[in-house]
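> From the sequence below, what's the structure:
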Amino acid sequence: MRHPWSLSLIAALSLAACGGSATLPAASAPPASSASSAAAAKPASSAGAAAKPATSASAKPAASASGSGGLDALYQKAKGEGSVTWYDATATDVMAPLVQEFEKTYPGIKVAYTDSKPPDIFTQVRVQETAHNVSIDVADGAELNIPDTINENLPSTVDWASLGVPADLTINQQLVQEYSSVHVVIYNTQKVAAADVPKSWDDLLDPKWKGQLAVDGRATFMPQWVFDPSLGTDKAVAYAKKLAGQQPLFESANEAIVPKVVSGQVAIGTTVLSTTLAAQKKGAPIDIAVVNPTNIAPTYLYVPNGAPHPAAAQLLVAWMATPAAQKVMNANNNSLLAPKTNCPGNGSPVNDLLCQKKIEWYGPSSLQQLLDLPKFYQQVETALGTYTGK
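The predicted model follows:
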């Protein structure tokens with residue numbers, strides 16, 4: 001399984017990284033542009049020179065006074081548009097309270113929400129922009145396809161700072177961080193005795209778990225080997241080879257793993273925290289194993305070039321960075337997190353839970369780490385035996 005990181009982006013980012021530190025300073029602000037006017041002629045992307053992952057120490061949203069005024073003015077334009085079409089990877093029922101809160105906050109704007117897989121969203125936006133017939137106003141992008149999203153210049157450029165969005169939550173004035181997806185190891189409490197619960201990654205290599213593991217074949221549970229300076233790619237590849245010897249069940253999505261563990265088809269699996277907590281809430285016999293370190297993967301929102309309702313789209317994305325929106329997100333166990341273990345943290349339920357369980361995490365904190373990921377995934381997937389070359 002190959003991740004869609006294009007060589008042109010890597011080359012561009014590499015040039016940007018030369019002669020500087022791994023974490024680049026913020027780029028100078030390009031002028032804001034209307035999403036609807038950008039579709040006809042899209043400038044060449046300069047993503048490599050400016051792209052920077054969010055690295056806030058606290059990852060707490062904050063709206064400035066000028067940002068609040070900017071939202072008020074934008075709302076007047078958005079009301080004239082009347083609706084906004086939003087495609088996101090999060091399940092519709094999970095996001096329903098957020099949609100309701102937005103519509104309550106901004107009467108007169110209806111949200112048409114569709115949940116879809118990130119690769120499918122990326123493809124739809126790309127095809128629609130190529131055809132100059134865009135129907136999606138707000139799109140979600142996951143860590144795996146963000147580089148191509150920027151490289152193909154799919155997002156419109158917006159002066160997010162004027163709308164109150166903190167600079168450390170944005171990339172290239174094109175994307176705004178939505179939340180951080182936390183990867184965890186889970187186990188079936190009816191199949192795994194308390195004394196046998198894994199306490200380290202090496203514990204998953206115990207012969208008793210052979211054929212009893214389910215993991216994401218895309219290796220999304222392993223980027224911490226890049227993000228944690230004490231680990232590294234060589235150790236990741238060596239570990240992946242040993243893990244492959246356990247004959248795990250490989251899935252193509254984290255969400256598909258939870259049902260396998262819940263049903264007892266396998267005893268242990270790797271997945272994401274939000275899906276795990278949702279299953280636990282329904283009474284599933286699963287729990288989280290404290291296996292350190294783990295990783296977090298940021299997801300982002302953007303307004304496609306040529307979006308039919310650009311004002312409403314910008315309003316929705318900017319509102320997502322406000323404390324009011326993040327409060328609703330926190331209730332759904334989707335929170336903004338710092339790029340590495342931060343306890344006590346920002347006070348969100350997810351941050352509190354991770355600290356309570358003493359789970360350590362790492363996320364992308366520099367340009368170089370993003371540059372390292374494409375090659376890393378290919379090497380690790382090859383070691384796992386899941387790399388398809390596509």
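
> Quick one: classify residue 347 as helix, strand or coil.
coil (DSSP: H, G, I helix; E, B strand; the rest coil).

> tell me the pLDDT at it?
Note for residue 347: predicted pLDDT of 88.

> Run a quick neighbour tally on it.
Look at residue 347: counted by other C-beta atoms under 10 Å, it has 11 neighbours. Yep, even glycine has a C-beta here, placed from its N, CA and C like the rest.

> How is the chain divided into domains?
Recorded structural domains for the chain (assignment: automatic domain parsing) are 7-180+298-338, 181-296+370-384.

> Tell me which stretches of the stretch 101-250 of the chain form helices.
Along the stretch 101-250 of the chain, counting by DSSP state H, counting those that start in this stretch, helices occupy 118-130, 146-151, 224-227, 233-244.

> among the domains of the chain, which is nearest residue 344?
Within the domains of the chain, the stretch nearest residue 344 is domain 7-180+298-338; the backing value is 10.7 Å (C-beta to C-beta).

> Wait, residue 351 touches residue 342, no?
Yes: using C-beta atoms under 8 Å, residue 351 is in contact with residue 342, at 7.1 Å.

> neighbour count winner among these two?
Each of residue 351 and residue 342 has its neighbours counted (other C-beta under 10 Å); residue 351 has more, 26 against 17.

> now the closest residue to the more buried one other than its chain neighbours: how far from residue 354?
Leaving aside its chain neighbours, residue 351 sits nearest to residue 345 (3.6 Å; criterion: C-beta to C-beta, 6 or more residues apart in numbering). Distance from residue 345 to residue 354, counting by C-beta to C-beta, to the nearest Å: 8 Å.

> And the two? Which one has more around it.
residue 354 (26 against 19).

> Enumerate every residue touching the more buried one.
By C-beta atoms under 8 Å, 6 or more residues apart in numbering, the contact list for residue 354 reads 182, 337, 341, 343, 345, 361.

> could you dump the residues you listed to CSV with distance to residue 153?
Conversion of these to CSV gives the following (distance: C-beta to C-beta, whole Å):
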residue, distance to residue 153
182, 30
337, 28
341, 35
343, 39
345, 35
361, 31
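
> farthest pair in these?
Pairwise distances across those peak at 13.9 Å for 182 and 343 (criterion: C-beta to C-beta).

> When these two are compared, which one has more neighbours?
residue 182 (27 against 13).

> who touches that one in this structure?
For residue 182, the contact set (C-beta under 8 Å, 6+ apart) comprises 272-274, 294, 296, 337, 350, 354, 361.

> And for residue 383?
Counting by C-beta under 8 Å, 6+ apart, residue 383 makes contact with 237-238, 240-241, 244.

> again, 10 Å this time
By C-beta atoms under 10 Å, 6 or more residues apart in numbering, the contact list for residue 383 reads 219, 222, 236-244.

> What of residue 344?
By C-beta under 10 Å, 6+ apart, residue 344 lies in contact with 351-352, 355-356.

> now do residue 352
With contact taken as C-beta under 10 Å, 6+ apart, residue 352 is in contact with 330, 335, 343-346.

> Closest one of those residues to residue 215?
Looking across the contacts of residue 352 and measuring by C-beta to C-beta, the closest to residue 215 is residue 335, at 24.1 Å.

> Please report how far the closest one lies from residue 204.
In terms of C-beta to C-beta, residue 335 sits 26 Å off from residue 204.

> What of residue 389?
27 Å.

> With residue 275 instead?
Distance check for residue 275 against residue 204: by C-beta to C-beta, it reads 19 Å.

> which residues do residue 182 and residue 343 both contact?
351, 354, 359.

> List just the nearest of those residues to residue 322.
residue 351 (18.0 Å).

> how about stretch 101-112: buried residues?
Neighbour counts using 16 or more other C-beta atoms under 10 Å place 101-102, 106, 109, 111 of stretch 101-112 among the buried residues.

> Between which two of those is the distance greatest?
101 and 109 (12.2 Å).

> Quick one: residues contacting the residue most central in space within the chain.
Nearest residue to the geometric centre of the chain (C-alpha atoms, centre = their mean): residue 299, 2.4 Å. Applying C-beta under 10 Å, 6+ apart to residue 299 gives the contacts 88-90, 118, 140-143, 146, 175, 177-181, 334.
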